[in-house]
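Engineer: Let me see the structure of the following:
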Amino acid sequence: MKSTKTDYELITSFMNGDERSIELLILRHKSKVYSYISLYIRSRDLADDIFQDTFLKVVQSVRAGRYQDDGRFLSWVMRIAHNLIIDHFRHEKQMGIVLNDDYESDLFNSRRLADENVEDVMVRRQVLRDVRRLVSELPEDQREVVIMRHYAGMSFREIADMTGVSINTALGRMRYALINMRKIMEEKNITLSIS
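Structural biologist: Down below sits the predicted model:
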């Protein structure tokens, strides 16, 4: 069920006791927030946990009166998610955890194998790994814009709000990211092709 109320109106309703309003807010922004988290966190269970923790913090902050509406609710939520992701990696680094995340799932236990042959699946996964590697080699500010735009589906206005820069700066970072990715592809002789 969608709501025509603004984010601020839903927050106000929630603060006045309407629990359904927070559910509507979560549903409204779930896709973008979850996509953003899952780009950094490859484990679905862990991404689910961070997503839940994000909205738990949102609810706690709203109830405590710590949210000040400036028309940037989604940006605020994304900052919370980003901070939780950073906290996760800091904890992982302190614990000395090493993950083997070369494969997102068991290659031979995939429903898609019924429609695609093994070679297609392997090529697609290699292309996705290559793209992730290219993105990971970008400077932090460029990497952040690429992830927010192409993986989280955020607009340049939302990216600008979340990162605290102008829209032109966000657009410039995307442009330089694409230029840098092309250079890296040429230097490392990487060809991205699924067909």
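
Engineer: Spell out the secondary structure type for residue 190.
Structural biologist: Assigned with DSSP: H, G, I helix; E, B strand; the rest coil, residue 190 falls in the coil class.

Engineer: Please tell me how far it sits from residue 179.
Structural biologist: Remark: distance between residue 190 and residue 179 (C-beta to C-beta, to the nearest Å) = 15 Å. C-betas here are computed from N, CA, C, even on glycine.

Engineer: One more: residue 126?
Structural biologist: In this view, residue 126 and residue 179 are 23 Å apart by C-beta to C-beta.

Engineer: ok so, going back, which of residue 190 and residue 179 has more neighbours?
Structural biologist: Relative neighbour count places residue 190 above the other of residue 190 and residue 179, with 14 against 11, counting by other C-beta atoms under 10 Å.

Engineer: so where does the closest residue to the more buried one other than its chain neighbours fall, helix or strand?
Structural biologist: The shortest distance from residue 190 to any non-neighbouring residue, by C-beta to C-beta, 6 or more residues apart in numbering, is to residue 130 (5.4 Å). If you go by DSSP states H and E, residue 130 is part of helix 118-136.

Engineer: for the helix or strand following that helix, packing partners?
Structural biologist: Later in the chain than helix 118-136, the nearest helix or strand by DSSP H and E is helix 140-146. If you count contacts as 3 or more C-beta pairs under 8 Å, 6 or more residues apart in numbering; DSSP states H and E, helix 140-146 packs onto helix 118-136, helix 156-163, helix 167-187.

Engineer: How far away from the center of its chain is helix 140-146?
Structural biologist: Here the centre of helix 140-146 is set off from its chain's centre by 12 Å, with C-alpha atoms, centre = their mean, to the nearest Å.

Engineer: and that helix, average pLDDT?
Structural biologist: On average, the pLDDT along helix 140-146 is 88.

Engineer: With stretch 47-56 instead?
Structural biologist: Stretch 47-56 shows a mean pLDDT of 92.

Engineer: May I see the buried residues of that stretch?
Structural biologist: Buried residues in stretch 47-56, counted by 16 or more other C-beta atoms under 10 Å: 47, 50-51, 53-55.
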